[in-house]
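Undergrad: Sharing a sequence plus its predicted fold:
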Amino acid sequence: MKVGPEADGSAKAWSRAPGLFLSLGVAMGAVLVAPLIKGITGASLALPDMVIALVIGILLFPISQKPIFQPGITYAVKTLLRYAIALLGLRIAAGDIALLGWGTAAMIVVVMVLTLLSGLWLAKLLGRDAGLGALAGAANAVCGASATLATATVVPDYKNKSADIAFTVVMANAISTLVMLAYPPLCRWLGLSDHETGIMLGLTIQDMAQVVGAAYAVSEPVGNTAVIVKLFRVLLLLPMVLLVGWYFTRQGGTAGGAKVPVPGFAFVFIALAALNSVLPATPIAEAYLPVKALLVEASRWGMLIAIAALGLGTSLGALLSIGWRHGAVFCGAGIVILMLATASIFLMR
């Protein structure tokens, strides 16, 4: 008979299993449903599997409230999510970012920070919780749903936090899809060059899929520039998360329930980004690339399971009670990044 820490660890693992399997089932269901929805609605209106997983999870909220599911759901949202975000570092390579140039890189950093701050300011102005402002600001400044989930790890717990996270994820996808169609014609109307259009699309559209869809629909050079800009934004995900954690700690709260606003996964993210910048150019590249592909896919599934768990912990009633001010905070931050990006591009000519 096992006793001590080993027995406790085994008991914890078993207690998490039902919730994790339920979250995994929701994630797998979303992956299966996504192509069916795409076939019905058309490619331009297809929903990402992340949003589908979130919606399915919310619909199953009454089932997920059974005590047997709670440990696994909590583990997925608070721990598995961190592992998945850390593995995002494998998508970044310093060589790609270097192509931007120091001036453009500095401009992107300034625009992103101001967008994050605008989310916090708008939330305060409209009487919303600062946590919502941080989520909306980060989603617009960095990378939509991924940034929302990462930022949630350092936002202190508050009433309806899960509903705010779910709302921000849905808004990020909806607005990304809308601007994917609207911004390329806007760039033409503004008279932007291909290089400037790539910067604009890569900097202002929230999610990577929509960046790719919008930019490569214009031209391949525009697409290449937009992807590099977007990757640079992803590289800044962890610094932005640390900034948010520092902000809330300075306000007297605790970042994600921790005394220090430095999540451990930040160091793994940075280390993997550094490895990904070096290993492809070494003799072991042939062995490294399949491992990288496997880990990137593991990251995708980890985030998918985590967002399914988030949906399982989110009440539909709490979402329906969200008012127009929430939408104004998110859309306001989106307008801020668009205005700042446009002004910066013209100033850099």
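TA: Everything's here; your move. Numbers count the residues shown, from 1 in each chain.

Undergrad: CA only for contacts and neighbour counts going forward, please
TA: Noted.

Undergrad: residues contacting the closest residue to Ala172 other than its chain neighbours?
TA: Computed as CA to CA, 6 or more residues apart in numbering, the closest residue to Ala172 that is not its neighbour in sequence is Gly144, at 5.2 Å. Under the criterion of CA atoms under 8 Å, 6 or more residues apart in numbering, the contact list for Gly144 reads Ala138, Val169, Ala172, Asn173, Gln206, Asp207.

Undergrad: In strands only, show me those residues.
TA: With DSSP state E as the criterion, strands contain none of the contacts of Gly144.

Undergrad: Now the two most distant members of the residues you listed.
TA: Using CA to CA, the pair of the contacts of Gly144 lying farthest apart is Ala138 and Asn173, separated by 13.7 Å.

Undergrad: Which of the contacts of Gly144 has the largest number of neighbours?
TA: Sorting the contacts of Gly144 by how many neighbours each has (other CA atoms under 10 Å) puts Ala138 first, at 36 neighbours.

Undergrad: wait, doesn't that residue sit right on Met240?
TA: Yes - judged on CA atoms under 8 Å, Ala138 makes contact with Met240 at a distance of 7.4 Å.

Undergrad: Could you check how far Thr197 is from Met107?
TA: As judged by CA to CA, to the nearest Å, Thr197 and Met107 stand 15 Å apart.

Undergrad: who's more crowded, these two?
TA: Just comparing Thr197 and Met107: by other CA under 10 Å the higher neighbour count belongs to Thr197, 27 against 15.

Undergrad: where does the more buried one fall, phi/psi-wise?
TA: Summarising the backbone geometry of Thr197 under the convention degrees, to the nearest 10, its torsions are phi -60, psi -40.

Undergrad: I'd like to check which residues are in contact with it.
TA: With contacts defined as CA under 8 Å, 6+ apart, the neighbours of Thr197 are Pro184, Cys187, Val222, Ala226.

Undergrad: mind running it again at 6 Å?
TA: Applying CA atoms under 6 Å, 6 or more residues apart in numbering, we find Thr197 in contact with Cys187.

Undergrad: Got phi/psi on Lys159?
TA: Residue torsions, per degrees, to the nearest 10, at Lys159 are phi -60, psi 130.

Undergrad: what about it, how many residues close to it?
TA: 9.

Undergrad: which residue sits closest to Ile92, ignoring its sequence neighbours?
TA: In space, Ile92 is closest to Ala273, 5.4 Å off (CA to CA, 6+ apart).

Undergrad: The one you found against Leu88, yeah?
TA: No - no contact is recorded between Ala273 and Leu88 when judged using CA atoms under 6 Å, the distance being 8.2 Å.

Undergrad: Give me the more crowded residue out of these two.
TA: Summary of the neighbour comparison: Ala273 and Leu88, criterion other CA under 10 Å, with Leu88 having more neighbours (24 against 21).

Undergrad: Please report how far that one lies from Arg82.
TA: Counting by CA to CA, the gap from Leu88 to Arg82 is 10 Å.

Undergrad: Ile52 now?
TA: Spatial separation of Ile52 from Arg82 under the definition CA to CA is 21 Å.

Undergrad: same thing with Leu178?
TA: Relative to Arg82, Leu178 is positioned 29 Å away (criterion: CA to CA).

Undergrad: ok, now Ala147?
TA: 12 Å.

Undergrad: Give me the more crowded residue out of the two.
TA: Neighbours around Ala147 and Arg82, counted as other CA under 10 Å, are more numerous at Ala147. The numbers are 28 against 24.

Undergrad: Contacts only, for the more buried one.
TA: Applying CA under 6 Å, 6+ apart, the residues near Ala147 are Ala138, Ala139.

Undergrad: which stretch of helix or strand covers it?
TA: For Ala147, the enclosing helix or strand under DSSP states H and E is helix 144-152.

Undergrad: Next, the buried residues of the longest helix along the chain.
TA: In the chain, assigned by DSSP state H, the helix with the most residues is helix 5-41. Of the residues in helix 5-41, those scored as buried under the neighbour-count criterion (16 or more other CA atoms under 10 Å) are 15-20, 22-28, 30-31, 33-35, 37.

Undergrad: ok, the residue nearest in space to the middle of the chain to Ile165 distance?
TA: The residue lying closest to the centre of the chain (CA atoms, centre = their mean) is Ser146, at 1.3 Å. For Ser146, the distance to Ile165 (CA to CA) stands at 11 Å.

Undergrad: about what we covered before: out of the contacts of Gly144, list just those in helices.
TA: Judged by DSSP H, the contacts of Gly144 include Ala138, Val169, Ala172, Asn173 as members of helices.

Undergrad: quick check, nearest of those to Ile305?
TA: When the ones in helices among the contacts of Gly144 are compared for distance to Ile305 (CA to CA), Val169 wins out at 14.3 Å.
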